[in-house]
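Give me a 3D structure for the following:
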Amino acid sequence: MIFLNNLEISGANYPSWDTIPDEVWQGILNNFIFKISDSFAFMGVSKKADLFPNGLSYFNNWKLDIIELIEVEDDIVCRFQLNESCKSKLLEYEFAVHSFKSKQFSNYYEFDQLYFFSGNRLVVNYINHESMLDFIDLNETEIKFIEGLEPHIKKFLIDPSVLTVALEAAKMK
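Reported below is the predicted structural model:
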């Protein structure tokens with residue numbers, strides 16, 4: 001299952017979708033991800049220092065408790081405990097994009113993807129630059145949490161095959 005906000009699978013610019021609004025992001029985190037996940041990781045981040053390149057300090061006030069290194073999608077990443085500090089920061093949503101008055105950075109992204117785990121099992125992949133949530137290999141209990149999401153959130157969940165068909169059709173234009 002994939003979450004795409006305001007998915008358009010027909011029309012001149014299909015397939016297309018919008019960024020995830022704060023209310024929807026917070027609803028998915030509180031009513032799904034935080035209920036099934038105990039840890040998370042940032043793509044390309046194998047140690048805390050990776051979050052602070054060239055003196056950037058956005059993550060200084062996060063309580064980042066390291067669990068272990070884990071392999072995800074051909075990347076070795078540092079898995080952090082999903083504690084209350086991290087939950088509150090993730091709920092802010094804008095944690096992923098920062099603007100700086102700097103010659104080196106205009107907009108800076110710490111990561112391209114954010115992984116959520118239940119134990120060592122990857123359950124959600126948030127693709128930052130696409131505003132896409134990919135739900136992976138969910139069990140029956142986890143699927144029930146998705147079914148319990150509010151209707152205005154659930155309506156944006158699609159089967160990946162629908163997106164694949166739309167992408168293939170767009171290539172044929």
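
Look through every helix and strand of this structure and give the one with the lowest mean pLDDT.
Counting by mean pLDDT, DSSP states H and E, the chain has its least confident helix or strand at strand 98-99, which shows a mean of 51.

As a check, name the ranges of all strands in this structure.
Remark: strands assigned in the chain by DSSP state E are 2-8, 16-18, 39-42, 66-72, 75-81, 98-99, 107-108, 113-118, 121-127, 132-135, 157-158.

By mean pLDDT, show me the worst of these.
Lowest mean pLDDT within the strands of the chain: strand 98-99, at a mean of 51.

per-residue pLDDT, A170?
Note on A170: pLDDT of 65.

One more: I28?
pLDDT for I28: 89.

surely V124 meets S37?
Yes - using Cβ atoms under 8 Å, V124 is in contact with S37, at 6.9 Å. From N, CA and C alone the C-beta is placed, and that goes for glycine too.

intersection of neighbour lists for the two?
Contact criterion Cβ atoms under 8 Å, 6 or more residues apart in numbering; residues shared by V124 and S37: F116.

that older thread, which one of the strands of the chain lies closest to E147?
For the strands of the chain, the distance to E147 is smallest for strand 157-158, at 9.8 Å, taking Cβ to Cβ.

What pairs with the closest one, parallel or antiparallel?
Next to strand 157-158 in the sheet, as set by DSSP bridges, lie strand 2-8 (antiparallel).

who wins for proximity to Y58 among the strands of the chain?
Going by Cβ to Cβ, the one of these nearest Y58 is strand 98-99, 5.8 Å.

show me the contacts for the closest residue to G148 other than its chain neighbours.
Leaving out its chain neighbours, the residue that sits closest to G148 by Cβ to Cβ, 6 or more residues apart in numbering is N31, at 6.9 Å. By Cβ under 8 Å, 6+ apart, the residues touching N31 are 145, 148-150, 153.

gap between the two ends of stretch 70-77?
One end of stretch 70-77 sits 5 Å from the other (Cα to Cα, to the nearest Å).

Kindly reformat the contacts of N31 as CSV containing pLDDT.
As requested, the contacts of N31 are exported to CSV (pLDDT from 0 to 100):
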residue, pLDDT
F145, 89
G148, 87
L149, 86
E150, 88
I153, 83
